[in-house]
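Asker: after the sequence you'll find the predicted model.
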Amino acid sequence: MTVIPTKPPTRRTSAGGWDNFQRRYAPYIFISPFFVLFLIFGLFPIIFNAYLAFHQWTPGTGLGEMKFVGFRNFADNWTDPTFWQSLRNTAALAVESGLPQHLIAIPLAFAIHTGLKKAQHLITAVYFLPYITSVVAISVIFFTLLSWQYGVINAILGALHQLPLIGGLFPGEKVNWLGEKSLVQPSIAAVIVWRYVGWNMLLYLSGLQAIPGELYEAAAIDGATKSQQLRYITLPLLRPTIFLAVTLSLIGGFQLFEEPFILTNGTGGTSGAGLTTIMYMLRTYVSYTEAGLAAAMAWMLFVVIGILTVVNNLLFGRSGLAGNEGRR
Amino acid sequence: MTSAPAPKPLSKAARPAAGISGRAPLSRLGAIALLAFGGLLTLLPFYFMFIFATHPRQEIFSIPPPVWFGDHLGANYDSLLSRIPFWRNLWNSLYLSVLTTGTTLFFCSLGGFAFAMYDFKGKNFLFGSLLTTLLIPSSLNIVPYALIMQALGWIDTPRALWIPGMASAFGIFLMRQYIGSAIPKELVEAARIDGASEFTTYRKVIVPLTGPAMATLGLVTFVQSWNNFLGPLIIFRSAETYTAPLALRTLQSIANTDWGALMCGVVLTVIPLLIIFAFASKRLIEGLTAGAVKG
Amino acid sequence: MKIQRLLAVTALLTLSLASAQDKTVLTVGVFPDLDSVVKAALPGFYKLYPNIEIKINSLAYGDHHNALTTALSTGKGANDVEAIDFGYVAKFAEGNGMTDLSKAPFGAGAYKDQFLSFTFPQATTQDGRIVGMPTDIGPGSMFFRTDLLAKAGVRPAQMNASWESYIENGKKVVAANPGTFLIPDASEAASIILRTGLKSGDGLYFDKTNKVLISPSNPRYVRAFTIAKAIRDAKLDAKAGGAFSPEWTTAFQKGNLATEFSGAWLVGHMQNWLAKDFAGKWNAQDLPGKTFASWGGSFYGIPAQSQNKDAAWTFIKYMTTDKNQQVLAFKTTGAFPALKAAPRDTVFAQGVAYLGDQKARVIWRNAASKITPIDVNKLDSVAEQIVNDALTTVLDGSKDIPTALADAQRLVERRTR
């Protein structure tokens, strides 16, 4: 408690009224920038899209050309098998990429936080690098790595296959990572994991730093092992951070676009196995030029994400969403 | 593992002796090996990025790809500068990202402070609506966004990008989570009793203790602003106002991309991020020390 | 001269404010490699029109068209002249975003006969508006490796006699040259077959009455899918996906391809970087079964929002109807002229060094004149996507041809209303 530089009650002479005022309205003033900006720049696009969802409109024709069509756009999406396929793909990719991200990031952050002191800086930096790499670089690099006939990964696997004894563990034929229906999703997921593990690790690191060290000391004195500490101290106290990170992964996962788009050259891959809903929505907007259908699709996706977020909130978020209660 | 329990505390008391100590059990070595392996794996694509920047196009796509630096960096650099005003573009990016990051840090920590430390009417509703805005897929906003910016006359100016980006829902969310769990309410109470105004409390109590979260948010905001592509595409209209990613994209034709020049530009664009990152991660580590003070 | 008068008025108006400003600044939105063509054209253009100053705004291919879409949607921000690729021109023809060039003072219709017959219909709407002037085309050609064919004892004529003959002899070529592939991707064969042998008045996917042509009983579709499947099943293709994918690029560079179908412009890429090491080993001939098709092509249009329409038209006319400029464009990037007069230039009778001095331009000129117009439909891009998806399900074995076509038909039909 001694952190606060004790400061004499100062120079508030005529400020009795002001003091009450600022005390009362401070929180509103503090949060107002976001809401003001949102009202100006955020709300209009939402309303515009809501309006658009009930119209037929070809972007590029000018705003005067909108035609009211009622709920037809929603009905059309609802009966569109490709829309449902894209939702299934999105969910599958969110799980395939989301779970490993956190299962790697939490122990990683814990290990870095507790185990490494000198190398901490370096390791954190290394794992975070993919996050700051540009999309252009990612596309070139992963194509080079994952290429079927000429890729580095297949070259390595081929070499390993030649080894005695363990050679049988590795495929003898070149694997078509991005061209095989069953491999498209895992390949995309691997790239996403690569890109975002460091980011989640960072979130968890900053969460871990909020856990007081005395708790570990006490536990260690009681004879708790590292893994017991992780389980009984770290994880429970990390829950707000887990909630934050999982929520962000969920939202990000369902708005997944860049990686599958790049890795499938925008096609969604063979049999459309890598086509996510946002990709399909943008395709509907840009190449099918059905802006109304796309807007309706955005709203339907919004509902799906909303439902999942509520579920996530029930699972992890009891102390995460509703204010401060339950924390010390 | 079972014999491990010699205290390995985290607090300031143990810090001087900290480090990977000599009595590491096997499992610990294993963990370190795993960490190092994962780190190498993570670095590999990044490494190739630098390698590719030093090779001409034919070599980048040759099989096996080059694994060591080539001698084409200078040529790639010259080719890059002959095609786009790269340094001008980089400056545009810097200007935009610094403004966005600075304002975001200020407004989001302020907002996060309010949501974490105050009870006020409508708080849950307001916070809920803030979270809801995170769920909206932004990819469809191209046309309405362009309409607003045209109405305001902000086309081809950086403020069309940094002003709307001054406060993000994500940033407030992150700051609120951190402030709520890392800073005891009593500190704020104490400051009030000492007669500090609310803003002074924010400045003197909250800001110094949110180092790691500020570093995280600052880093992420900077990176996103730096790599942002769709926004600048709508706003900027000429080679002189383009940001670096936009300018680099103009090098990419369907067929005739000079990948060497492109990779050279990509690497040069990443370097400022690395510098920022070095700074931010230092703050992150310093946050460890700050964590020990409270409690 | 209308432009001169307009310029005079503008000049008078601005004179009182700033005396130096006596040029019309015309912004031109392009994508690579058209930017090189425009740059190369400037000296010649300035000589004729010193009062117009051109400012080139170049963006990557996809970004250029996205930015144009946004500008047309919101009514602001477009350049005075916009380059439009073949794949987008039908889209921008809808609505009133682009100026109708058939009207006065432009009168683009008068130039129609000077251009290859299939180009104008691509930029003409059903109600007769013309939204773009054609500038270049890509006459389709089969490129083949003479050395690989010779090793298998296959004559070039056997490769393009028919698709069946292509596959039969292709097997021999691949067998005689281990590690090579006949074609980058099996789907290419399907898309060529779909684009050739159309009934007059039919589009690729729709007929004149908007009826969907995709169906398990349409021989054109069944044949396209069957041939592609046969190529895939015989393991003849490199599964490289679309042109210019990294897989495609590498296959070329390694010299692992025996044939490829593309526009004539591909030679420029092969010679500069794509297949540098194989100069003299590639040759060109017509597509299998004496069919003719076009790969891509570009247009110039004027957005309705432009304030400099007259100057814009002057520029477009220069770029498209000036024979010397069209020849210059061909020399700059290999963009094959859409203007009929241009290929009569002597340069077209010369041999192509990269192709072992083969007189390939004569073949292309002949092919270009035989390409027939294909009716466009505003739903073409939807249908194309759905048909391509259906083809991948057939090629990877998840659906048989009748099922895939029936599914695709249903998916396209629910879009038509």
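Answerer: Sure thing, it's come through.

Asker: correct me, but A:Leu183 touches A:Trp177?
Answerer: Yes: if you go by C-beta atoms under 8 Å, A:Leu183 and A:Trp177 touch, sitting 5.4 Å apart. In this view, the C-beta of every residue, glycine as well, is placed from N, C-alpha and C.

Asker: so which residues of the stretch 201-350 of chain C form helices?
Answerer: Remark: helices assigned in the stretch 201-350 of chain C by DSSP state H, counting those that start in this stretch are C:219-233, C:246-253, C:266-269, C:309-321, C:323-333.

Asker: ranking those by mean pLDDT, which is last?
Answerer: In terms of average pLDDT, helix C:246-253 trails the rest of these, at a mean of 82.

Asker: quick one on the thing from earlier: more neighbours: A:Leu183 and A:Trp177, which one.
Answerer: A direct count of neighbours by other C-beta atoms under 10 Å in any protein chain shown for A:Leu183 and A:Trp177 places A:Trp177 higher, at 21 against 17.

Asker: list the contacts for the residue nearest to A:Leu129 when sequence neighbours are not counted?
Answerer: Of all residues not flanking A:Leu129 in the chain, B:Phe46 sits nearest, at 5.1 Å (C-beta to C-beta, 6 or more residues apart in numbering or on different chains). By C-beta atoms under 8 Å, 6 or more residues apart in numbering or on different chains, the contact list for B:Phe46 reads A:129-130, A:133.

Asker: if we can go back for a sec, can you tell which of the helices of the stretch 201-350 of chain C is closest to B:Ala167?
Answerer: Set against B:Ala167 and scored by C-beta to C-beta, the helices of the stretch 201-350 of chain C come closest in helix C:246-253, at 40.6 Å.

Asker: can you give me how far the closest one is from the chain middle?
Answerer: A distance of 21 Å separates the centroid of the chain from that of helix C:246-253, by C-alpha atoms, centre = their mean, to the nearest Å.

Asker: got the contact list for that helix?
Answerer: Residues from elsewhere that reach helix C:246-253, judged by C-beta under 8 Å, 6+ apart: A:140, A:143-144, A:147-150, B:58, B:61-63, C:181, C:184-185, C:238-242, C:257, C:260, C:270, C:274-277.

Asker: and the residue of the stretch 151-300 of chain C nearest chain A?
Answerer: C:Pro246 (4.0 Å; C-beta to the nearest C-beta).

Asker: please read the previous query as pertaining to chain C.
Answerer: C:Gly95 (2.3 Å).

Asker: whatever residue of the stretch 51-200 of chain A ends up closest to chain C sits in which helix or strand?
Answerer: Proximity of the stretch 51-200 of chain A to chain C (C-beta to the nearest C-beta) peaks at A:Thr61, 2.3 Å away. Using DSSP states H and E, A:Thr61 maps to neither a helix nor a strand.

Asker: and it, how many residues sit next to it?
Answerer: Using other C-beta under 10 Å, A:Thr61 has 22 other residues around it.

Asker: same thing with A:Arg24?
Answerer: Residue neighbour count, defined by other C-beta under 10 Å, stands at 12 for A:Arg24.

Asker: and it, helix, strand or coil?
Answerer: At A:Arg24 the chain is in helix, as set by DSSP: H, G, I helix; E, B strand; the rest coil.

Asker: just checking, the residue of chain C closest to chain A touches A:Glu65?
Answerer: Yes: using C-beta under 8 Å, C:Gly95 makes contact with A:Glu65 at a distance of 5.4 Å.

Asker: contacting residues around the closest residue to B:Leu110 other than its chain neighbours?
Answerer: Excluding the flanking residues, the one nearest B:Leu110 by C-beta to C-beta, 6+ apart is A:Phe30, at 4.5 Å. A:Phe30 makes contacts with B:110-111, B:113-114, B:198, B:202, as judged by C-beta under 8 Å, 6+ apart.

Asker: widest-spaced pair of those?
Answerer: Using C-beta to C-beta, the contacts of A:Phe30 reach their maximum pairwise distance at B:Gly111 and B:Glu198, which is 13.2 Å.
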